[in-house]
Every structure is written in C-alpha cells, then in structure tokens.
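Enquirer: Provided below are the primary sequence and the corresponding predicted coordinates.
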Amino acid sequence: MLTREQMTRLFAMGVRAADPHAAVCDVLADTPLHLPDGARLYVLAIGKAARAMMQAALSVLPAPHAALVVTNYENAESLDGARVMAAGHPVPDENGMQAGLAIQKMLARTRADDVVLVLVSGGGSALVPAPVAGLSLSDKAQVNDLLLGAGLDIVTMNAVRQHLSRMKGGGLLRMAAPAQVQAMILSDVIGDDLRAIASGPTVAPIAAREDVRALLAESRLWDRLPQAARDALARREDTSPLPDADNRLIGSNRMSLDAMARACDGASILSDALTGDVGDAAAQIVQTVRDGGGPRLALFGGETTVRLQGTGRGGRNQELALRVATALDGVSGWRFLSGGTDGRDGPTDAAGAVVDGNTLARIRAAGGDPAALLANNDSYHALELAGDLLVTGATGTNVADLQILCIDA
C-alpha cells in the first residue's frame, strides 16, 4: 500500500499535468496567434491560474497593447508586462468589482482589426462579479452564499450567476466587440462544458433566464434571493446573437487523471465524474473498499457538493475524506486522499486530506468528537486534530478535485 507521502506525490503529479504555463506555451507553439497587419493585441487572464497563463503568453507573443490579470489573492504576484489585480474567492469582494470595471475599460478601447486573447481558468466567476444594473456586491455575495450552501453543482450555480453579471454567459464577447476574440480555457468543470467554466465569459449562457427562474423556484431558493436579484432575473433577456469567438480547451481533470494513471503501475481510473452530494460520493468510495477484488490503487476525479447545516470550517474534499473515515472507522488496510487541484478546499488553507482507518481514533485522542464535528460541517478542525490535512499551498492551477484510494493487497 502506498504511504501518505507517496500518495501526496502522486496527487502532485496530477496537479503538474494541469500546469497552465506549459499548456498555453504548447498551444501557441502548435498554432501561433495570427495578428493582422496593424492589429493591436490585448491579453486578458481571469481565474486561479491566470497569472501563470499570462506569463506563458507573454513569453511567446509579441508585446501586447494591454495585458491584465485577475486572480485570487494567493496567486497574485507582480508580473512584468501585465497589470495584476487580486480579488476574493469564493465570495466576491470589492476588488473583484474594480477588476470588472478595469476589464470593461480595457475592452472598450478595442477596434475591429484588434485581437483579444482571453485566458480562462476556474474561479473566474467569483473573481470578476461585474453585477448587472441595480445589483450590489452585497447582493451578489448573498446569492453566492445561498448557492454554495444549497449544495447545487457548479453548472447549476453558474447558470444563475451568468444572468446576474455583465461579464458572464458571453458578456465579455459583447464588451470586446468588434474585435476578434480567441480564448484558451483550463477546465475546472467535470465534463468540460465551456459554458460553465468561470461562468462562460466567451460562450453562450447555460440556460435561458426563464429556466433559471424555474430552477431557483424548484430549489426553494427564489424567495430567499435579494429583491434586486429577483428583479434582475425577471427582466427581459437580450437574445441578439453573440459575436463569434475561437474557444479552445487546453487542460482538464481527465487529463490529470490520465497522467496519474500512467505514472503508477496498476492504477485504474474508476470514475472521472465523482460529483453530486458528498455523502453519496463517500458511499461510493466506501463500497469500493468493502467490495474487495477491485484495483489496489483506484483514482477518481470530480467535484462534489456539500449541503451546509453547521457553522464549522471545511471544504468538499475534507468533508468527503472525513465521511469515508467515519464509515470505515477501525477498518485496516486502506488509505484515501481527496484534494482540490488549486491547493485550497473551501475557505481554508488546506487542499484536502489523507485519511485511513485510524483517523477517528486520532481525533478522539486529541479530544475531538468526530460525529459532532462532522454534523457541524467542521471537517477542517476534525482533520487538523488527526494530523490528516493535506496542505500544498496555492498551486497556480485549477482542474477540480482528484482522489486516490489505496487498498492493501
């Protein structure tokens, strides 16, 4: 059975396979960006991997007329040749509002013969809120909290966000018109639906506004939305055709899983769509251990959801790991890692956790009550007591979550 250190190294291999710098350089080497005579180049990077993607583009392309990076605080470092702006994630903040205004101002200067290169990665939805008229940042944050707490999947959440933003659901294309737009996209969404990645700034919306209203009503969230959000969603939708864009996927969760499988003999990818409620996902992992006869090293990729019922701290990877450890308490011969490829799981400094059959015993020995902590969504504190947190620091990329299940032969 792999040690904790070996599993952590394997996880790091998956993260490296989604390296945004290498991905951008490879694509631009294979298909160089075409700039017509007299064209000005604008480069915009949005998301958790934005800085690395911009750095790669600047190393290959001629000096742009303007270059702007919007990323999360952990990944925001100065970069020669580009302006770097940091903003809040997962909850939008005032700096994100200012970043949205900076993007709008930059794109307002484009002409028909200009080229706009947009580098998109996960996290862009929260980083650039750009609320529609009548909606405040506080309203946006409240909506975001409601969506996160309701356990909705990322595609559903982004379907709502798109209609509350001037940037999302193709809004950036309208801002950039009449310039030509090319986008390179690093996917943090299972299934790689380009409409859902960073809420699709360069593609059409996921759903029509009337469908979003119905979805919110079905989820019993409509009446809990701020009045300004309900007013915005009740307005008539702009159905005019979107300007064209050349969108290209350059990295994904599946590519990371494939790299991990190649790096370790005997590893098998059991699922590249571990999604839905974290409790259901945990049950799938637990059943794999109990069934026996399967691969000794199983890989999973996906993005689960957590329904918040307590006031504790944690994230979907930590809660998934703690639920698996709870169901297999005292069972020997297994070890499980679950981590976010961006290095941050929820509003914590951990990427996830590595647990085994003695995790709960370590929590109890440190004075914690595992059941109470789990019920309070306080997986971070529980796993901290066990010494089982996976802390990697910000990775500069984001292709959802990776899981490794190791079973003793």
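Expert: In hand now; what should we look at?
Enquirer: Where does the record place the domain boundaries for the chain?
Expert: 19-251, 254-407 (automatic domain parsing).
Enquirer: Tell me which of those domains sits nearest to Gln6.
Expert: Gln6 sits nearest to domain 254-407 of all these, at 8.5 Å, using C-beta to C-beta. Using the backbone N, CA and C atoms, a C-beta is placed for each residue, glycine as well.
Enquirer: So what's the gap between the closest one and the chain middle?
Expert: Domain 254-407 sits 17 Å away from the centroid of its parent chain (C-alpha atoms, centre = their mean, to the nearest Å).
Enquirer: can you put the domains of the chain in JSON lines and add distance to Leu2, mean pLDDT and mean neighbour count?
Expert: Below are those laid out as JSON lines (distance: least, C-beta to C-beta, whole Å; pLDDT from 0 to 100; neighbours: other C-beta atoms under 10 Å):
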{"stretch": "domain 19-251", "distance to Leu2": "23", "mean pLDDT": "93", "mean neighbour count": "20"}
{"stretch": "domain 254-407", "distance to Leu2": "5", "mean pLDDT": "95", "mean neighbour count": "21"}
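Enquirer: Quick one, which of these gets closest to Leu10.
Expert: Closest approach to Leu10 among the domains of the chain is made by domain 254-407 (5.7 Å; C-beta to C-beta).
Enquirer: so what's Val84 up against?
Expert: 51, 69, 71, 76-78 (C-beta atoms under 8 Å, 6 or more residues apart in numbering).
Enquirer: got a markdown table for the domains of the chain, with distance to Met7 too?
Expert: Conversion of the domains of the chain to a markdown table gives the following (distance: least, C-beta to C-beta, whole Å):
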| stretch | distance to Met7 |
| --- | --- |
| domain 19-251 | 20 |
| domain 254-407 | 5 |
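Enquirer: Quick one: the strands in the stretch 201-350 of the chain, in order.
Expert: Counting by DSSP state E, counting those that start in this stretch, the stretch 201-350 of the chain has strands at residues 246-251, 267-277, 297-305, 334-340.
Enquirer: pLDDT wise, what is Ala409 at?
Expert: Note on Ala409: pLDDT of 65.
Enquirer: what are the phi and psi values for the residue nearest the centre of the chain?
Expert: Centroid-nearest residue in the chain: Gly122, 4.1 Å away (criterion: C-alpha atoms, centre = their mean). Per-residue torsions, Gly122: phi -60, psi 150 (degrees, to the nearest 10).
Enquirer: which non-adjacent residue is nearest it?
Expert: Nearest residue to Gly122, sequence neighbours excluded (C-beta to C-beta, 6 or more residues apart in numbering): Asp188, at 2.7 Å.
Enquirer: Now do the contacts for the one you found.
Expert: Residues in contact with Asp188, defined by C-beta under 8 Å, 6+ apart, are 121-123, 154, 197, 253, 303, 341-342, 398-400.
Enquirer: 7 Å instead?
Expert: Residues near Asp188 by C-beta atoms under 7 Å, 6 or more residues apart in numbering: 121-122, 197, 398-400.
Enquirer: likewise Leu41?
Expert: 35, 61-62, 64-65, 115, 117.
Enquirer: How much space separates it from Met85?
Expert: According to C-beta to C-beta, to the nearest Å, Leu41 and Met85 sit 19 Å apart.
Enquirer: go on, Gln104?
Expert: Gln104 sits 13 Å away from Met85, going by C-beta to C-beta.
Enquirer: for Ala261, same thing?
Expert: 37 Å.
Enquirer: again, but for Gln403
Expert: 33 Å.
Enquirer: Equivalent analysis for Ala321, please.
Expert: Computed as C-beta to C-beta, the Ala321 to Met85 distance reads 34 Å.
Enquirer: My read is that Gly169 contacts Gln162, right?
Expert: Yes. When contacts are counted by C-beta atoms under 7 Å, Gly169 is listed as touching Gln162 (3.3 Å).
Enquirer: So for these two, which residues contact both of them?
Expert: 199-200, 205.
Enquirer: the helices in the stretch 51-200 of the chain, which residues?
Expert: Taking DSSP state H, counting those that start in this stretch as the criterion, the stretch 51-200 of the chain carries its helices at 94-107, 124-127, 137-149, 154-162, 171-176.
Enquirer: Please consider this matter closed, and thank you.
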